[in-house]
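**Q** sequence first, predicted coordinates after that:
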Amino acid sequence: MRPPMRSSIACTRCRKSKIKCTSSLQSIQTIRSIQNIQGENIGAHSPCDNCVKTGKECVFKLPDNSPLKRTDPPTTTKQERDGGPDRKKLKKIDDISKVDNQKASVYAEEVLSAPFLTEDMWEQVLDLYKLHFAPELPFLHLPTMKEKLGRKFKTSQPDSSSDLNLVLLGVLTLTARFHPDLVKYLAHICNNQPGNARTRPVQTQFDPAAASEYYADILTMALGPLRTAMKVASVERVAALLMLGLYDWSQARPKAGGLGAWMYVGLAIRMAQYLGLGFGDVPESGDPHARAIDIQRRNSCQQSQVALEKEVRRRTMFSCFILDRMLACGKERVSIIQREDLQIQLPCSEDKFDLAMEVQTGFLTDRGRHGLDDSVLSRFIQLVDIWGEVSKFSSRGGRLNEISFPWDDRTTFYKLNEKLAIFDAELPGTFTFSRSNYFKHENHQASSAYVLLHMLRCVCLIMLHREYIPFVPIRCKQPEGPLDSPTFPKDEPPKGFWIASAEQVFKGAREIVDLIEICQRKDKLPQSTIVLFAIWTAAFVGLYAVHFPQMDTERHMLDYDFENPRQEESMAEVFRRGSVAYTYVTLNKMSTWLKMASTYVGILRQMDKYFEKIKQDYYQFAANNARAEQKTLRVREGGTGGGLEEYRLMSKKLKDFGFLQPDEHEHEHVDGPERSSPSTTEHAPSADMEAFRTSPPAKTSEPTPVSSFTAINHTPIMPAAEVGRDTGYPTPLPEVYSDSWRYHSHTQQQQHQPPPPAYTVSGAMLNPEAIAAEAHGRVLMQEKENFLDSLKKEDPIDSFLDSLKKEEPRRIGTIGDLGYFSSGDSQLAVADMPFSDSSYIPALTDSYQFLQQMTEY
């Protein structure tokens, strides 16, 4: 009689140890469907918790009909459950922190020999590297790496090259956080949990960043002590330093800054310059010896190996160039590598690189590429060079340093705009942006460079054209020139110039959103810092369009159709629907692996509150400023400017790529909004964000709802923007009086400079709302006292009418409260209103009836 077949099966190690296996793959039929020829699994399941704890490979094998008796002594079972000697070796990080370089290299080899780092695991890790980091760090020749790893697993002997181990550790540092099985293995290693799988279930919290941190620490030790590391140079060490720097930059937070990345990349660049990686393709004139050697190499049997070595050196140097420009994107950041110092040709195409073929590609400064080997990577590097100039122009003041109009060919803006236009015009047809072109590159596993190329191109357009768009365009009916000095006459620019310039900003942001959507469908969005910066830039442009929809004339960002059903209803509308919601979800997802993303999530939410608050402040004080003899330019005080004084306070957070200098006042956003309640993620802003901190009004017993806004000169009442409303964000500015406040010439602005206000907006000063509320309270108290004194001396009815007529404009200008006469519901409590203690104000529900009674007096 055939014995009954079991319905589930344990892995080989758990079955041998006679313990419960917790793998998600326990069906015999499922195992049979994924078996290979040898009868073992091929990695199509997640490892069980017991194998994760011991750091062993999890293997499934169908049981024999007559299982053999156990031949191992019982002690081995306990040794495997407790982790064995391999587990103990992986815990010795702290014990060897002060040992010499040789022992650190030995330990690095032991870490790389962990049982769970199988050949299949390395295949998956290298695929992750190619997807996420190959465009920025393109120096890895994957066929060679796979060949060396295969030889290592075949011979079961450690590789004699310690520099190769540095590269492997660098790859694991960048990619471990993206591999769920590595995250599980490393979580148990880092948490140092003892293994008694029978009685103690695994309850480890898996943090993807901890896996990469583990390998980053190992790599730092393997590089050796500081004095030793400064005296050893190799191409592999340059690559390891670049990978360590890129990882540190992705984890940079405002409170800690990015000094580690700055130093690692700077050291890599100096080492690359020492090795001469930026030279070799342009032989010096009159040097026949160099030419003879080059000809000899071309004719030798090792031509392929020589070509590969030269290409790896070129790509390593261009990796230094890319990261140098990336870290220099910000105020007071200076790049190290100059364009003219790179006397090497651009990288070749990926197929030529894989086949180790030597081809001619042209140089960084070449304009035409006719007849030469072309690639998306080489175009991307040329764009990085342009990006460096655009970021320098933006971070050093942008339009404020220009000598003429932006359409003047002498200005930096005009020259950079022409460079970008020429770059676009010279792109081959298969390199231009379209969905079909993306799938062509994705079919050859080369979509990452294509995505970074077009995301960076859009970032350049946004950074360049946003310089001439008002930061807070409340008074604008459509895109127009700057409202703050230096300004331009209304009739000077070419027809449609400002509208076309603004459209470049919103169109570029929409292309970034479209790229995200295309990549997310196959879960192939590169998780690089350049992609992160591009998504953040698009998210902020979308938020700007929602708050000021008249600026997005073609509705590139406003008409994006997306709704996040998982978002809480308490969240603002802008984060639940539309382009901002889509980028917000993407940033939240990226924050799982990149800490920099969680910081951008917090800033995006702060900026939404900021735009709401400054619009409220503008309408509160606009009436006073319109009647004032000396008009202010400050938008927060109802002025006629475009918010330049506000933009300067927060320009570093909005314009800089990442956070280099630490900000001691910045409160860390520990968790993204998707993993915690909204109350736990709303931290106090830093000093330069104080300008838009919100606080409750002073001296009020209950919150004051924002119900209405009334313009001056008896114009129709327009509804004010409500915080958390479900509709869009229209700009409540009536056209009947908008034109009268616009187009003040630069001369008039200089002649009517207002005195310093009592509530100056500054990053280190008090909240402007609280100061305005305090000033409002003093005005009300003074009006009450004057009115009571007048009642004692004059006829009450005449005194009341005269005071009402006299003080009405002042009262309305102070509190904006004509809503009482239009709706019967005041923004303020009755006790806080002028004349509140008068017995001549009856409690009427019909405000019109009240006005009729007033006329009868």
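**A** Nice, thanks for sending it over.
**Q** so, low pLDDT: which residues of the chain?
**A** Within the chain, the ranges that satisfy pLDDT under 70 run 1-9, 23-45, 62-101, 156-160, 192-205, 283-301, 367-371, 491, 626-630, 664-857.
**Q** what's the longest helix in it?
**A** Under DSSP state H, the helix in the chain containing the largest number of residues is helix 595-627.
**Q** can you give me the buried ones in that one?
**A** Going by neighbour count (16 or more other C-beta atoms under 10 Å), the buried part of helix 595-627 is 595-626. (C-beta placed from N, C-alpha, C; glycine too.)
**Q** tell me what it is packed against?
**A** helix 235-250, helix 529-547, helix 579-590, helix 644-655, helix 768-793, helix 796-815 (3 or more C-beta pairs under 8 Å, 6 or more residues apart in numbering; DSSP states H and E).
**Q** any idea how far Phe618 is from Met551?
**A** Careful, residue 618 is Tyr and not Phe. Tyr618 is 16 Å from Met551, where distance means C-beta to C-beta, to the nearest Å.
**Q** please apply the same query to Ser598.
**A** Taken as C-beta to C-beta, the span from Ser598 to Met551 is 28 Å.
**Q** next one: Glu358
**A** 51 Å.
**Q** more crowded one of these two?
**A** Taking neighbours as other C-beta atoms under 10 Å, Glu358 and Met551 compare with Met551 leading, 26 against 16.
**Q** if I pick that one, what's in contact with it?
**A** 469, 473, 476, 478-479, 502, 506, 544-545 (C-beta atoms under 8 Å, 6 or more residues apart in numbering).
**Q** for the stretch 301-450 of the chain, which segments count as strands?
**A** Taking DSSP state E, counting those that start in this stretch to define them, one finds no strands in the stretch 301-450 of the chain.
**Q** helices along the stretch 1-150 of the chain, start to end?
**A** For the stretch 1-150 of the chain, the helices defined by DSSP state H, counting those that start in this stretch cover 12-17, 28-34, 49-54, 74-81, 84-89, 101-112, 119-132, 142-155.
**Q** buried ones in stretch 180-189?
**A** In stretch 180-189, counting by 16+ other C-beta under 10 Å, buried: 181-189.
**Q** name the SS class of the nearest residue in space to Phe533 that is not next to it in sequence, please.
**A** Nearest in space to Phe533, with sequence neighbours left out and distances taken as C-beta to C-beta, 6 or more residues apart in numbering, is Phe657 at 5.2 Å. Following DSSP: H, G, I helix; E, B strand; the rest coil, Phe657 is assigned to coil.
**Q** in this structure Phe657 contacts Gly330, no?
**A** Yes - when contacts are counted by C-beta atoms under 8 Å, Phe657 is listed as touching Gly330 (5.8 Å).
**Q** of the two, who's got more company?
**A** With neighbours defined as other C-beta under 10 Å, Phe657 and Gly330 compare such that Phe657 has more, 26 against 20.
**Q** next one: phi and psi at that one?
**A** Main-chain dihedrals, Phe657, degrees, to the nearest 10: phi -90, psi 100.
**Q** how far away is Ala597 from Asn564?
**A** Distance from Ala597 to Asn564, by C-beta to C-beta: 17 Å.
**Q** re earlier: so which of the buried residues of stretch 180-189 are in helices?
**A** Short answer: the buried residues of stretch 180-189 in helices (DSSP H) are 181-189.
**Q** save those residues as TSV, and put in distance to Ala216 too.
**A** Shown next, in TSV, are these (distance: C-beta to C-beta, whole Å):
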residue	distance to Ala216
Asp181	19
Leu182	13
Val183	14
Lys184	18
Tyr185	16
Leu186	11
Ala187	15
His188	18
Ile189	14
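**Q** just name the closest of those to Thr175, please.
**A** Leu182 (8.0 Å; C-beta to C-beta).
**Q** grab the nearest non-local neighbour of that closest one.
**A** Residue nearest to Leu182 in three dimensions, not counting chain neighbours: Ala176, with 4.6 Å by C-beta to C-beta, 6+ apart.
**Q** assign the residue nearest to Ala104 when sequence neighbours are not counted to helix, strand or coil.
**A** Nearest non-adjacent residue to Ala104, counting by C-beta to C-beta, 6+ apart: Met221, 4.6 Å away. Here Met221 takes the helix state, with states given by three-state DSSP.
**Q** how far away is Met221 from Cys190?
**A** 15 Å.
**Q** neighbour count: those two, which is higher?
**A** Met221 (22 against 18).
**Q** so who does the residue nearest to Phe533 touch?
**A** Phe657 makes contacts with 326-327, 329-330, 391, 529, 533, as judged by C-beta under 8 Å, 6+ apart.
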